[in-house]
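# predicted coordinates and the sequence they were generated for:
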Amino acid sequence: MALTGCTAGGERQEVIVTGSTTLLPITEVSGEMYTESHDGIAILVSGMGSSAGIESVSKGSSDIGTSSRELKDAELELGLEDTPVAYDAIAVIVHPDNPVSDLSTLEVRSIFAGVITNWSEVGGPDLPIGLVNRDEASGTREAFSKIIMDDAQFDRGAVVLPGTGQVRSVIADVQGAIGYISLGFVTDDVKAVAIDGVEPSEATVVSGAYPVQRVLHFFTKEDLSDIARDYIAYVLSPEVQDTIVRDAGFIPITAKEAVGD
């Protein structure tokens, strides 16, 4: 689906990209660059969450649905084509003044399940743990749940926020808080802790050592327009992978191939 609209210079073709807020640093910048270099074409990007992106492309409201999680079983029947565009790590973040720098997978699971409720239980200060979680439409939450939580349920007492930026802001302001965000969004305002002794980085993701990692996806229908296919090819090109993807803190989709993975 490529929409056509009118502009001062005539008709404009539009490619609609909807979905994961995690992927916005890639889709927004690459969309702007593609639009600027292609007269009469506009890449329109919005971040509504991975589930919304998958639903939108399946119903034909978008050309491309971006997702920071895999398809669920029910979504496998939608007949969507999957194009991986980058690798990412999910970083568990705390306030910079929190002395805790390393947690085991079991400790992280127990914290987000509400079993561990004070930082003193994991070698930190006598301070209540403030849980910050993502909403159920979030692909980051889905991936975190699958990798970390196993069969454990999230503590319902956690603060639930709709976006990565909001999670980071709360963690930066509240000394006892803990949350999780894409590695590409980690700034000096927060601290990413090591998991099982392994810090999140490109090297540890490529090697497979860091346990909380995922693939970022573009989902499309088979009858995708030539313009949308060309935009996807542009996102996969070295021009985007080696600059925009890396600048956003993600790992190019070819990185593992380069080391023979």
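Sure thing, it's come through. Numbering: from 1, shown residues only.
# below-threshold pLDDT in the stretch 1-150 of the chain: ranges please.
The stretch 1-150 of the chain contains residues with pLDDT under 70 at 1-10.
# which stretches of the stretch 51-200 of the chain form helices?
Assigned by DSSP state H, counting those that start in this stretch, the helices in the stretch 51-200 of the chain fall at 105-112, 139-144, 164-173.
# who touches Ala172 in this structure?
95-96, 189-190 (CB atoms under 8 Å, 6 or more residues apart in numbering). The C-beta positions use only the backbone N, C-alpha and C, and glycine is treated the same way.
# mind checking the longest strand of this protein?
In the chain, with assignment by DSSP state E, the single longest strand is strand 81-94.
# report the buried residues of it.
Within strand 81-94, the residues that count as buried by 16 or more other CB atoms under 10 Å are 83, 85-94.
# and what of stretch 101-114?
103, 107-114.
# what's the domain layout of the protein?
For the chain, automatic domain parsing gives the domain ranges 3-87+216-258, 88-207.
# just how off-centre is the first one within its chain?
In this case it means domain 3-87+216-258. Relative to the centre of its chain, domain 3-87+216-258 is centred 13 Å away, using CA atoms, centre = their mean, to the nearest Å.
# nearest to Val132, of the helices of the stretch 51-200 of the chain?
helix 164-173 (5.3 Å; CB to CB).
# follow-up on the earlier one: out of the contacts of Ala172, who's nearest Ser68?
Val190 (18.6 Å).
# wait, isn't Thr66 in contact with Pro25?
No: assessed by CB atoms under 8 Å, Thr66 is found out of contact with Pro25, at 11.3 Å.
# burial measure for Gly31, as a count.
Gly31: 21 surrounding residues under other CB atoms under 10 Å.
# does it really touch Thr18, like I thought?
No: using CB under 8 Å, Gly31 makes no contact with Thr18, being 11.6 Å away.
# so what sits against both of those two?
With CB under 8 Å, 6+ apart, Gly31 and Thr18 have common neighbours Val45.
# for the protein, which segments count as strands?
Going by DSSP E, the chain shows strands at 3-7, 10-19, 41-47, 64-67, 81-94, 102-103, 130-134, 159-161, 177-182, 191-192, 194-195, 213-220, 251-252.
# what helices or strands is the fifth one leaning on?
Under the contact criterion of 3 or more CB pairs under 8 Å, 6 or more residues apart in numbering; DSSP states H and E, the helices and strands touching strand 81-94 comprise helix 139-144, helix 164-173, strand 177-182, strand 191-192, helix 202-207, strand 213-220, helix 226-235, strand 251-252.
# hmm, try it at 7 Å
helix 139-144, helix 164-173, strand 177-182, strand 191-192, strand 213-220, strand 251-252 (3 or more CB pairs under 7 Å, 6 or more residues apart in numbering; DSSP states H and E).
# ok, Thr66 and Pro25, which is more surrounded?
Set Thr66 next to Pro25 and count neighbours by other CB under 10 Å: Thr66 wins out with 32 against 20.
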